[in-house]
Structure formats: C-alpha cells, structure tokens
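> Make a model of this:
(chains A and B)
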Amino acid sequence: MHKNNISNGKFTISKYSNIIFIIIAFLILAIFYFIPTPDGLTHSGQVMIGILIMAAILWIIEPIPLAVTGLLIMIIQPIMHVLPPDEVFSSFGNQAIFFLVGAFIIAGAIEKHGLHKRIALRFLGKFEKSPRIFTFGIMSSCAFLSFAMPAHGVAALFLPIVVSILIAMKITPRQSNFGKVSMLCVAYGCSIGSIGTLIGGARNPLTIGLLSDLTPPINITFFDWMIYSMPVVFISLPLVWFILQFSFPIEIKDISGAKKEIKNQVNKAGKISKKETIVLIILIITILLWIFFSSYQYLGLAVIAILGSVFLFITRTINWNDVEKRVPWGIILLYGGAITLGIGIQKTGAGTWIVNALFNTVGINPYIVVLVIIVLTILLTNIMSNIGAVAILLPIGIAVAAEIPGISPLLAALIIALCGGFAFMLVIATPGNAITYSSGYFSTKDLFKAGSLANIACILVIFVVATTYWMGFLGI
Amino acid sequence: MFKNILVPISSEYYSKGLLERTAFLAEKFKSRINLIYIIEEKVLNQTGKLSNGYRTSDEIAETKKDIIREQKLTADNIIFDDAKYYFKRKHIPFEEKISEGEFSSVIKRETNKKDYNLILMGFEKECFLNYRLLDELDIPIWIQSKGEGKSILSVCSNLAPNQKVPEVSIKLSKLLGWDLNMLYVVDIEDSVQVDKNGKRSDKKPERDLLFNGQNFVDDMKNKGINIKLVRGSLEKVTLKAAEEINPNLIIVGREQKKKGVLGLPIKHLKRKLAEKCKYSLLFVN
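Residues are numbered from 1 along each chain as shown, chains lettered A, B, ... in the order given. Coordinates of the predicted model:
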C-alpha cells in the first residue's frame, strides 16, 4: 500500500512497488489507446475502459492518494480526446458536491463542540441493562450518529469512549469476547449506519450526483434515500449484532463498570453549552429541511446544506479555521474524478459494451444480475476504498440497467451504493475497521470470521430488499 | 541461564499466557524481567493511511493521539496490572515501560541498551507488525504458544552449526524437568553442510550429509539423548515430529536454509516455522 505524505502539500512515493504499479496502470491505459477497437465499441469507449482499469488499479493499490487519482481521471479524458475539458469539469457544477461541502461543515461544527460525544453518551446510557444489550447500544448509537455525520468520524469518536469503558471494566484485549463484540459493534454499526442517509458516506451523494446527470435525470431527495435505505439498515443492524453474539458469546454478566464509566464521562462533559445548543438546533432544522424540502421543486439538497453552514458561521459556532481543519477537500476532488468517470463510461458507450461482454455468459435473468452486482460490490468494497469501489461499479451498473430488462438505473445504483458500505471483513476495507482494530481488542482473524458471516447475511438482506421492497413494492 | 529477560508486548497482540510463562521461567532461572509495551507504529500508520482522503490531517492526528492515549491506559490499567499479579506474588523483580515505534526496531534499540539473555514474546501471523527481529538478533528468542506437553523437541540439521542447540536443550531439559527429544534433519532441498562457524559448504551428495548426520546422532546417543535421524524438508519434518511428540517447546538453531521446494530461494525460515507451529519455539540464535 502507499506510503505518502500530503500533510505538507506534496506527496512522495517512497516505495519502488508503488512506482511499478503506477507504470502498470499507465501501460494498461496506453495499450487500450493503441490496440485495434473491437466491433461495437468506439475508440473513445475503449480508452474509457482503459481509464476505468487504470483508476481501479490506482484506487486498489493506492500508490498515490485517492484524490489525485480522481484528478488524473479528469485530466486524462481531454488529453486522450475522449471528452472536451468543458464537459469534464462541468461535473463540479453538480449540487451533490455542494451538499457534501455543507454536510462536512455541519459535521465539523458538531465535532468541534463535542455535541457528538454528548449524543453518544446519552444514547449509550439507555442500554445499560446487560452486557449484550449494551453492545447493541454501542452498535445502534454508532449507526444513529452515522445518519448525521460521516461514519469514519463516528468510529473515531467511539474508539476512546468504548476503550475507556472496557478499561474501567478491566476487560483484557484479545481475550474477552465482550471486548471483541464491543469494538466490532463500533466498526459495523458505523458501516451500517453510513448507508442510512446521504451524510453517512460520500458514496451516497456520489450516487445521487451520477443519477441526476443521466438523461433523463433521476433526482433523489434526502427523504427518498431514507425510504430506500432504512429497511436495509433496520434489518442488517440486529442481524449483524446477532451474528456477533453468535460468533463471540459474551462471557461477562456484570455491566456496573460500564454504567459507572458512562456516568463519569457524562459528568465530565458537564452541562450542554450555549454553542452546543445552537449547533443542535441548526442540525435538527437542517435535517428536517432535508427530509421535507430537498426535492427539486423546493430548495434542493445543496441549498439546505449551505444554508445550515452559513447559519453556523452567523452564530459564530464555527469559523473558517475550523472548516480548513475539518473539511476533507480531497474527497471533493475524488468525487469529481468518480463522477466524470461515470459520465465518460456512459457517453462513450463503454458501459454498454462491458455489460454485453459480461452478461453474454452470465445470462440476463434480472435476479441473477442483481445477485452478481451485490456480490461483486461487496467483494470490491472489502479490498479497496468504499467510494472507489462505488465509483468503478456505478457506471457499469447503470449500463446494466440500460441493457437488461427488469433492472432500472436507480435499482442498480442503490444496490451498488448500499453494498459499498458493507466493508466488514478486512482491516484495510474502511477507516472505521482500522480505527477500531487499533484498540487491540480484536484480531484480523476475528474481523474476518465475523465479517464474512455478516457480509453473507447482508448479501441476503440486500437481495431480498431489492427484489421485494424496491422492485416489488416501490416498483423501481 | 536467562538472567535478564526482555518481554515485549505489542499493542496489536496480547496474551496472558505469555506473562504466565514469563513468571514460570523467571522463577526457575531467578531472572529479572523487563516488560515493554510497544505502541505499534505500523498500526497507527495504517489507520492514518486508510483515513487519508476521507478525513483531514488534523482529524487523523487527533485520532492518532486518542489511540495512543487509550493504548497507554490499556497498558497501565490492564497489562501491567496482570504483570504485577503474576510477578509480585512470586517475588520476581521487574520493570515496565511503554514505548512507541515499530516492534522490531524498538526491541533492537532496547537490546542495544542492556544485555538480555532471552526475549520472550508472543506471535500472531496476521498482525501488521514485522517480525524481522527473528533473523536480526543474536539473542535467544522464545515464542510462546499454548502448549500443554512436558517435553522438548530439539532440532539439529545439516543447515545449522549444531553447537548451541544441544547444549541449551540439555540444560533446559534438566532445569525444567522436561523430557528431551532430539531430531537431526538432513534437508534434501538444500543439500549443503553448515560448519561449526556457520559457514555453508558447496552442494554435497545426500549420502555425505546422511553420514555426517549419523555421526552426530551417534555422538548424542552416547550422551544418553533420545535422537532420531530424518531426511526431508526441515520445516515439514520439524512440524510432523512436533505433531507426534506434542512438545512444550521446540528448540531450533541458526538454520541457514537458502533453498526450498524446486530449489527456489527461501526467506524467513524462522517466521514460517512460527506461523505454522502451534507449539512454543525457542530460536537459539
């Protein structure tokens, strides 16, 4: 994997293997540029497939930062005459970008004032009946907070809270199943919660951004997204928790240590401050506006997000320094690359060609196709960045929808976006897994054991929800 | 024999069994224990790397600080408490400290500061930490695993000087009261003879290696040691014998295997043995 340093404004590639992977990625692109074009594919389409493979290599191996790969995707298209520069960079005009910026600013304010910690402790305090219920409390608190802020931030918040509780309870790292389940509940709770709203993971706005750029456009509101995703969240959450209980039966019975520590932390946090109250009010209003007024005939997602952010500045609960500290601009660039990749794949007909090549052998039964998309996305999201996996598969999934009767672009996009969050098996799959692994309370083997079972369960959940609720009940 | 024992515990991997074994050995050998809890740099870097792009450098730095703070608390409140429980009641003198860095580098730094006679540590294949110290240190390294036998399997071969292993094995067997079983392996994949100074010869015919092996076996038998001559791949033969004997400890020397299956170069023999073996290992370097 990469070893780079972007903190000082430049990155350095410190391993020869990284350089080799960069050369391989460009070599593949060059091959696609020069080889003869097969029947049914334009030269631009062929180059786009080359760019897709190059992006996949760079996003999986990460010899350069994810965002730089995003930029690379954008500039290569005009260089190779696939799309004109105007068209490529116009993707940044998508309102999903500004929704992301606004959402990050609001999340930054929540983090700055420690409101997320207060909410987390309040929530956890409701689950002190038994060790089992407590672990469910951890999982649902993480999921709940991931509805309102990025999931990685939630994992980082919960790490010290849960570790302090485990230490207070004298729970030994690696040896206690309660310790394992508690930390895994943080990782999986954040991942599952991240699919619930458009805020939890940047792949969700990416998906609606790409859908809104289709012809004809498909516009998804905040509330629409929740209607699609929440059944998956509410089925997966207890199911995965049950798998954890089954995989690592909890050995302790007394939860008084946890109660004491939570009380201690609540006391430390003190009374809610004026600024916290303001942030909380702005957050609630923003979410309500997103739920009820984010459709295009009203305000739209980005306007509400920016409005909420502006109010945070007006009320002086956040300043520009905080924004610079807490908004990951890299993800915006990554987003730009991902969306132009999707548009390029579509416009050049590369997606249709890939789908025809793939499904000539698999067949066109829509149920099999749905299953293939689910499994492929979950496998890919476990070995590379979630947003990278979604960025690569979305254009292909949308092309699948155009070619295979019974599958709509919205259905394919939802499957890919939601499955993109189910990175349960490996430490490298998502920052949430790595953050919780660093606690030392579970091993990579534990993660793989529970994660593979959880992934199988979630494959079934998504399949059932997709074929009955989305396709059957909602008719998408 | 083991006056000063260094016990490194990584933030990535902890087992109470290691402290239990340390207490057992320290009591037998009247050792001083130096316990060092290492906050593994590789895990911190990995977490930072994965968060890169999703989170800002300030947020990543905050999380890193949180992780380090919690790991220090874990060491102070759980691991060092366990150590006190095991060592104090047996009146074993010990010191404890916390260090940040890469596992092997921290241990090497520590061994440069003080003379240690043994490094006693745990091992887990799937960890991010690097076990290069197995090949880079001249101090005996004991890798503790769960084992319930009451014997020692001592491995000599054409690929090692076979000087320290018999000596250490006999001593340990007497002091610990564990039965000693010795094995001389003629490795057919790398058919050279390593001399007393650790120098590899040119390729030799198998019968010469077997002849040398037989001489060694006869010599050991004269000393009353239960020994067997076996031919095959060093790793496979060792693991097979361990399965049969179910030892508490396997002692391996300075094996210099350079070629494996199909004559391909072999790397990190000790690490491979540690990965595949479910018994405790003592590498007499």
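
> what's near enough to touch the residue of the stretch 151-285 of chain B found nearest chain A?
In the stretch 151-285 of chain B, no residue comes nearer to chain A than B:E275, which is 12.8 Å away by CB to the nearest CB. Every residue, glycine included, has its C-beta placed from N, CA and C. Each residue near B:E275 by CB atoms under 8 Å, 6 or more residues apart in numbering or on different chains is listed here: B:F123, B:K125.

> Please tell me how far it sits from B:G17.
As judged by CB to CB, to the nearest Å, B:E275 and B:G17 stand 18 Å apart.

> And A:S443, by the same measure?
On the measure of CB to CB, A:S443 and B:G17 end up 15 Å apart.

> can you pull out the strands in the stretch 101-250 of chain B?
In the stretch 101-250 of chain B, the segments counted as strands under DSSP state E, counting those that start in this stretch are B:118-121, B:141-143, B:151-157, B:179-187, B:226-232, B:249-252.

> any weak-confidence spans in the stretch 351-476 of chain A?
Residues of the stretch 351-476 of chain A that meet the criterion pLDDT under 70 lie in A:360-363.

> An error on my part: the question was meant for chain B.
In chain B, no residues with pLDDT under 70.

> Enumerate the residues of it near chain A.
Residues of chain B lying close to chain A by CB under 8 Å from any CB of the partner chain are B:11-16, B:43-47, B:49-59, B:62-63, B:66-67, B:69-71, B:73-74, B:77-78, B:81-82, B:124, B:126-128.

> Of those, grab the buried ones for PyMOL.
This is the PyMOL syntax for the buried subset of these, where burial follows 16 or more other CB atoms under 10 Å in any protein chain shown:
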select buried, chain B and resi 11+12+13+14+15+16+43+44+46+47+49+50+51+52+53+54+55+56+57+59+62+63+66+67+70+71+73+74+78+82+124+127+128
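
> Show only the entries of the residues of chain B next to chain A found in helices.
Among those, the members found in helices (DSSP state H) are B:16, B:43-47, B:49-51, B:57-59, B:62-63, B:66-67, B:69-71, B:73-74, B:81-82.

> okay, A:S443 and B:G17: which has more neighbours?
Each of A:S443 and B:G17 has its neighbours counted (other CB atoms under 10 Å in any protein chain shown); A:S443 has more, 20 against 15.

> From what I see, the more buried one and A:R174 are in contact.
Yes: counting by CB atoms under 8 Å, A:S443 touches A:R174, with 6.5 Å between them.

> what residues are shared contacts of those two?
The contact sets of A:S443 and A:R174 overlap at B:Y13 (CB under 8 Å, 6+ apart).

> check contacts around A:F26.
With contacts defined as CB under 8 Å, 6+ apart, A:F26 is in contact with A:M54.

> roughly how far apart are it and chain B?
A:F26 is 21 Å from chain B, where distance means CB to the nearest CB, to the nearest Å.

> would you say that residue is within a helix?
Yes: under DSSP: H, G, I helix; E, B strand; the rest coil, A:F26 sits within a helix.

> Now do it, the pLDDT please.
With respect to pLDDT, A:F26 scores 95.

> and the closest residue to B:T56 other than its chain neighbours, how many neighbours?
Among residues not flanking B:T56 along the chain, A:P328 sits closest, at 5.0 Å (CB to CB, 6 or more residues apart in numbering or on different chains). Neighbour count of A:P328, defined by other CB under 10 Å: 26.

> Could you pull up phi and psi at A:P328?
Torsion angles at A:P328 (phi, psi; degrees, to the nearest 10) stand at phi -80, psi 90.

> Double-check it against B:R55; I have them as touching.
Yes: with contact defined as CB under 8 Å, A:P328 counts as touching B:R55 (5.5 Å).

> which residues do those two both contact?
Shared contacts of A:P328 and B:R55, defined by CB under 8 Å, 6+ apart, are absent.

> How about B:K97: what's its closest non-neighbour residue?
B:I36 (5.6 Å).

> Doesn't that neighbour lie inside a strand?
Yes: assessed with three-state DSSP, B:I36 lies in a strand.

> Identify the bridge partners of it.
B:P8, B:K97 (DSSP bridges).
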